[in-house]
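**Q** just coords:
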Ligand code: C5P
């Protein structure tokens, strides 16, 4: 069955390697800034450095790939992680990161550098689920009532009780995620997260309670909010 880790004892699991792919190659046009989003300073530190620091200090993860715009390649050189150039879409960037992981990496955490406020607690919750053989994603229940629209008219109101907003990190068995990427390529399918690709394999993906502070920086307002959170003003 795809997505299930079978026949592994706790000892084998402990020895298996975990990698992380941090995608930071987007332009971030909605931020209205000429600097690529992941390099915009947040309290004088580039946005992508927050995610890097979180993964670098998480001991379970031994192989980190940072995916950045090609023109930024010369600005990063650090023996603690690899740096590769991204692609035209987020999906292509993740694929490039996956291809740069060491081949014995059993699990991979995929994370958007646009979410700089991830915590070790969230990584722990995800790893608890992943080490039991589950593909899983961080997610948070939706509090708004969500409308499906046809242009600007409501076509349907969705049942909020069953709606979750997907966050990153998302954690998968590397072999499963690679299979999902191969299938998406074959079917010419583009998704906005990894789970949507893995779901298409028929593999189950667990929702792990994420973190309301794990916000995604998209607009200048999000950047301001992240600043306030880091300054403990919220
Ligand atoms: O565009 P969006 O905000 O959904 O991007 C989510 C993440 O994917 C961001 O961290 C962004 O840097 C990354 N991305 C990428 N390569 C692209 C587009 C987006 O690495 N071509």
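**A** Sure thing, it's come through. Keep in mind it's a predicted model, so treat the numbers as computed, not measured.
**Q** pLDDT wise, what is the residue nearest to residue 43 when sequence neighbours are not counted at?
**A** Of all residues beyond its chain neighbours, the one nearest residue 43 is residue 230 (5.5 Å), with distances taken as CB to CB, 6 or more residues apart in numbering. In this view, the C-beta of every residue, glycine as well, is placed from N, C-alpha and C. With respect to pLDDT, residue 230 scores 94.
**Q** same question, residue 35
**A** Model confidence at residue 35 (pLDDT) stands at 87.
**Q** residue 156 now?
**A** Model confidence at residue 156 (pLDDT) stands at 96.
**Q** that one and residue 147 touch, don't they?
**A** Yes: judged on CB atoms under 8 Å, residue 156 makes contact with residue 147 at a distance of 7.3 Å.
**Q** need the next SSE after the longest strand belonging to the chain, C-terminal direction.
**A** When every strand of the chain is counted residue by residue (DSSP state E), the longest turns out to be strand 164-173. Sequence-wise, the next helix or strand downstream of strand 164-173 (DSSP states H and E) is helix 174-187.
**Q** that following helix: which residues count as buried?
**A** 174, 176, 177, 178, 179, 180, 181, 184 (16 or more other CB atoms under 10 Å).
**Q** with stretch 68-85 instead?
**A** 68, 69, 72, 81, 82, 83, 84.
**Q** Throw the residues you listed into TSV and include distance to residue 136, pLDDT and secondary structure, thanks.
**A** Converted to TSV, these look like this (distance: CB to CB, whole Å; pLDDT from 0 to 100; DSSP: H, G, I helix; E, B strand; the rest coil):
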residue	distance to residue 136	pLDDT	secondary structure
68	26	97	strand
69	29	95	coil
72	30	92	helix
81	23	97	coil
82	24	97	strand
83	27	97	strand
84	25	97	strand
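**Q** which of the residues you listed lies closest to residue 197?
**A** residue 84 (19.5 Å; CB to CB).
**Q** if we can go back for a sec, next, the residue nearest to residue 43: phi, psi?
**A** phi -70, psi -30 (degrees, to the nearest 10).
**Q** who's in contact with it?
**A** Applying CB atoms under 8 Å, 6 or more residues apart in numbering to residue 230 gives the contacts 42, 43, 117.
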